[in-house]
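A.B. asks: give the three-dimensional model of this entry:
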Amino acid sequence: MNKSVQLLFILAIYLFTLQTFAQYQNIMVGNSINTYEPVEPSVVVNPYNTDQILVGANSDNYYYSTDGGMNWEHGVINSSFGVIGDPCVLVDGNSNYYYFHLVPDMSRVVCQKTGSIGGIWSDGSYTGVNGTKDNDKEWAAIDHNNGNVYVTWAQFDEHGSFNSLDSSEIQLSRSTDGGLTWSVPVVVSDRKGNAQAGNYSDHAPMPAIGPNNEVYVTWMGPEGMMFDKSTDAGITWLPNDINITGSHINWLVFNVPGVEIVPGFPVINCDLSTSSYYGDIYICWTDQRSGYNDTDVWLTKSSDGGLNWTPPIRVNNDGPNRHQFFAWMTIDQSNGYLYFVFYDRRNYATLETDVYMARSTDGGESFTNFMVSQSSFTPSINNYLGHYIGISAHNNIVRPVWTRVDNNLPSLWTAIVDSVTTVEESTTSITPSVYMLFQNYPNPFNPVTNIKYSVPDKSFISLKVYDVLGNEIVALVNETKQADSYTVQFDPSELTSGIYFYRLQAGDFVETKKMILMK
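C.D. replies: I've put the predicted structure just below:
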């Protein structure tokens, strides 16, 4: 065997051996075994027992795990009122589980309940009935201090109507007895939208609970992304809704190639942990303010109870002219960390799509992006992906849930994210004269290693880690840095042993080095 053939043979064996190295294990939650495809997942990790996880997915599917997401059971939820989708799942302080959904004639919002994971579901209670009007896109939240349950939805005179006399508005109802009965709905939105269920409708409301039992609601309105709050359990609201995104433009509902119409639904959460960001409110969404070929994930924050909001900050840290969409956000209430999940096309010029997560440990000031899907998939306009995916977290147990399509068959997946690569940087007082990337130390390493690099001038710096196949594992740095020397700590807790590469890029300067993880 000549040397060239021998080298190719060794390389093939080497790559085959290492291609099983993946940062986060992917687990199939379920596949398409029911009438409706398993899309638009809602997920909740039980904060009182993180081994218990519940997922709801269109149209009437539920999945549950009792071992932290390693294994899943599937069920179909039934109600005498009917079940037609937009599931929202929750858990209360007694580990009762809730499954909210719409009904086939859109006449009401139904809440079904079970007293245990995998238990028998009630037939359900309901709210929102108002003559022949239609209800859409309900979502719910539980106040873990007093047990109140709140559900919001958009009510249309006739859903999808282009009649100028038809309108839409945001409504809310409260239960004080664990979802058995519901208060008379109140109207949250000040201004009615049209009934087309598009950019100029009132649509996609979501509630959240504040530190002093406040109720916060965000939604898409005819003027943009809106916010309102109640300090008396949802009875009265601010005299004027707050527009958190400025004047309205056509980027709340938009198109992404290979996907049906994409709405940038807002997702709201409030930090109720003991972190220094306690009480801060966060809203994330996706839009195309940067252009039709550039869909991004955005975040805004309020530290004064929702009266004032920061300018939007971009969560995804890739370059321009790529698509990130169907974003969802959660807060780990054990530490205040923010987690995001979204479909991502940063690695391709085609329709190939990965699933990425982002994490912020500093109250939404900066973000670490990392891939959680083990392989990409290619959506088709012929395969319905829904309008969002989901994520839930508690005590560093993070479970994203998403739909992918392979051979025209949709399936539901999660990733086992029990710890996340962390980045910590320190600087020196000596200004370097050239760009330099140093060998990581220690190397080989376990469990963490340090990567040092030098920046002679203010520059946009990219420092990324790749596996042996060239797949990006994580972006350690992806931002502008002042002239200085930096040290980054890399903690690959979820990686398996093997060879990895890290690359520094700044303008025309590019350098790559190898590191070895040994466990």
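A.B. asks: all helices for the protein, in order.
C.D. replies: Assigned by DSSP state H, the chain shows helices spanning 3-18.
A.B. asks: where does the prediction get shaky in it?
C.D. replies: Scanning the chain for pLDDT under 70 picks out 1-23, 34-36, 247-251, 419-430.
A.B. asks: what pairs with the residue most central in space within it across the strands?
C.D. replies: Most central in the chain under CA atoms, centre = their mean is Trp328, positioned 2.5 Å from the mean C-alpha point. Going by DSSP bridges, Trp328 is paired in beta bridges with Val341.
A.B. asks: and for Tyr150?
C.D. replies: Where Tyr150 sits in a bridge, its partners, by DSSP bridges, are Ala141, Arg174.
A.B. asks: ok, it touching Glu138?
C.D. replies: No - contact criterion CB atoms under 8 Å: Tyr150 and Glu138 do not qualify, at 10.8 Å. Placement of C-beta: from N, CA and C, glycine included.
A.B. asks: neighbours around Asn212, how many?
C.D. replies: 9 (other CB atoms under 10 Å).
A.B. asks: spit out the contact partners of Gly319.
C.D. replies: By CB atoms under 8 Å, 6 or more residues apart in numbering, the contact list for Gly319 reads Arg346.
A.B. asks: check contacts around Arg345.
C.D. replies: Counting by CB under 8 Å, 6+ apart, Arg345 has contacts Arg322, His323, Gln324, Leu351, Glu352, Thr353, Asp354.
A.B. asks: and Tyr216, what does it touch?
C.D. replies: By CB under 8 Å, 6+ apart, the contact list for Tyr216 reads Pro207, Ala208, Ile209, Gly210, Phe227, Asp228, Lys229, Ile268, Cys270, Ile281, Gly306.
A.B. asks: neighbouring contacts of stretch 99-109?
C.D. replies: Counting by CB under 8 Å, 6+ apart, 56, 60, 62, 77, 79, 81-90, 110-114, 121, 126-129, 132-136, 138-140, 151, 153, 159, 173 sit against stretch 99-109.
A.B. asks: now which of those would you call buried?
C.D. replies: Neighbour counting by 16 or more other CB atoms under 10 Å classes 56, 60, 62, 77, 79, 81-90, 110-114, 121, 126-128, 133-136, 138-140, 151, 153, 159, 173 among the contacts of stretch 99-109 as buried.
A.B. asks: residues of stretch 412-419 that come out buried?
C.D. replies: For stretch 412-419, using 16+ other CB under 10 Å, the buried residues are Leu412, Trp413, Thr414, Ala415, Ile416, Val417, Asp418.
A.B. asks: do the same with stretch 237-255
C.D. replies: So for stretch 237-255, counting by 16+ other CB under 10 Å, buried means Trp237, Asp241, Ile242, Ile244, Thr245, His248, Trp251, Leu252, Val253, Phe254.
A.B. asks: the fifth one reaches Thr310, doesn't it?
C.D. replies: No - contact between Thr245 and Thr310 fails when scored by CB under 8 Å: they sit 11.5 Å apart.
A.B. asks: what is in contact with those two at once?
C.D. replies: Thr300.
A.B. asks: I'd like the buried residues of stretch 237-255 laid out as JSON lines, including distance to Pro47.
C.D. replies: Below are the buried residues of stretch 237-255 laid out as JSON lines (distance: CB to CB, whole Å):
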{"residue": "Trp237", "distance to Pro47": "28"}
{"residue": "Asp241", "distance to Pro47": "31"}
{"residue": "Ile242", "distance to Pro47": "29"}
{"residue": "Ile244", "distance to Pro47": "28"}
{"residue": "Thr245", "distance to Pro47": "31"}
{"residue": "His248", "distance to Pro47": "37"}
{"residue": "Trp251", "distance to Pro47": "35"}
{"residue": "Leu252", "distance to Pro47": "32"}
{"residue": "Val253", "distance to Pro47": "33"}
{"residue": "Phe254", "distance to Pro47": "35"}
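A.B. asks: measure the nearest residue to Ser173 once chain neighbours are set aside to Asn148 for me?
C.D. replies: Take Ser173 and drop its neighbours on the chain: the residue closest to it by CB to CB, 6 or more residues apart in numbering is Thr127, 4.1 Å away. Distance, Thr127 to Asn148, by CB to CB, to the nearest Å: 14 Å.
A.B. asks: rewinding a little: would you mind measuring from the residue nearest to the centre of the chain to Asn71?
C.D. replies: As for Trp328, its distance to Asn71 is 23 Å (criterion: CB to CB).
A.B. asks: what's the answer for Val297, then?
C.D. replies: 31 Å.
A.B. asks: show me the contacts for the closest residue to Thr286 other than its chain neighbours.
C.D. replies: Excluding the flanking residues, the one nearest Thr286 by CB to CB, 6+ apart is Gly264, at 4.3 Å. Counting by CB under 8 Å, 6+ apart, Gly264 makes contact with Met220, Trp251, Leu252, Val253, Phe254, Trp285, Thr286, Asp287, Phe325.
A.B. asks: okay, these in TSV with distance to Ile33 next?
C.D. replies: Supplementary listing: the contacts of Gly264 in TSV, determined by distance: CB to CB, whole Å:
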residue	distance to Ile33
Met220	33
Trp251	36
Leu252	34
Val253	31
Phe254	32
Trp285	32
Thr286	30
Asp287	35
Phe325	26
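A.B. asks: which of those residues sits closest to Ser454?
C.D. replies: Nearest to Ser454 out of the contacts of Gly264 is Thr286 (CB to CB; 35.9 Å).
A.B. asks: next, count neighbours for that closest one.
C.D. replies: The local packing of Thr286 (other CB under 10 Å) involves 28 other residues.
A.B. asks: for it, give the beta-bridge partners.
C.D. replies: Going by DSSP bridges, Thr286 forms beta bridges with Val297.
A.B. asks: quick one: residues contacting it.
C.D. replies: Val262, Gly264, Thr295, Asp296, Val297, Trp298, Gln324, Phe325, Phe326, Ala327, Phe342.
A.B. asks: try it again with 7 Å
C.D. replies: For Thr286, the contact set (CB atoms under 7 Å, 6 or more residues apart in numbering) comprises Gly264, Thr295, Asp296, Val297, Gln324, Phe325, Ala327.
A.B. asks: how far away is it from Trp328?
C.D. replies: 10 Å.
A.B. asks: please apply the same query to Ser189.
C.D. replies: 23 Å.
A.B. asks: for Gly234, same thing?
C.D. replies: 24 Å.
A.B. asks: what do you get for Val91?
C.D. replies: 17 Å.
A.B. asks: got it, and Ser433?
C.D. replies: From Ser433 across to Trp328, the span is 45 Å (CB to CB).
A.B. asks: what of Gly193?
C.D. replies: 23 Å.
A.B. asks: likewise Val455?
C.D. replies: Note on Val455: its distance to Trp328, by CB to CB, is 35 Å.
A.B. asks: still on that earlier bit, now, which of the contacts of Arg345 sits nearest Ile473?
C.D. replies: Using CB to CB, those come closest to Ile473 at Asp354, 11.8 Å.
A.B. asks: look up how far Ser366 lies from the closest one.
C.D. replies: With CB to CB as the criterion, Asp354 and Ser366 are 21 Å apart.
A.B. asks: and what of Gly118?
C.D. replies: Note on Gly118: its distance to Ser366, by CB to CB, is 39 Å.
A.B. asks: could you list the buried residues of stretch 207-221?
C.D. replies: Applying 16+ other CB under 10 Å to stretch 207-221 flags Pro207, Ala208, Ile209, Gly210, Glu214, Val215, Tyr216, Val217, Thr218, Trp219, Met220, Gly221 as buried.
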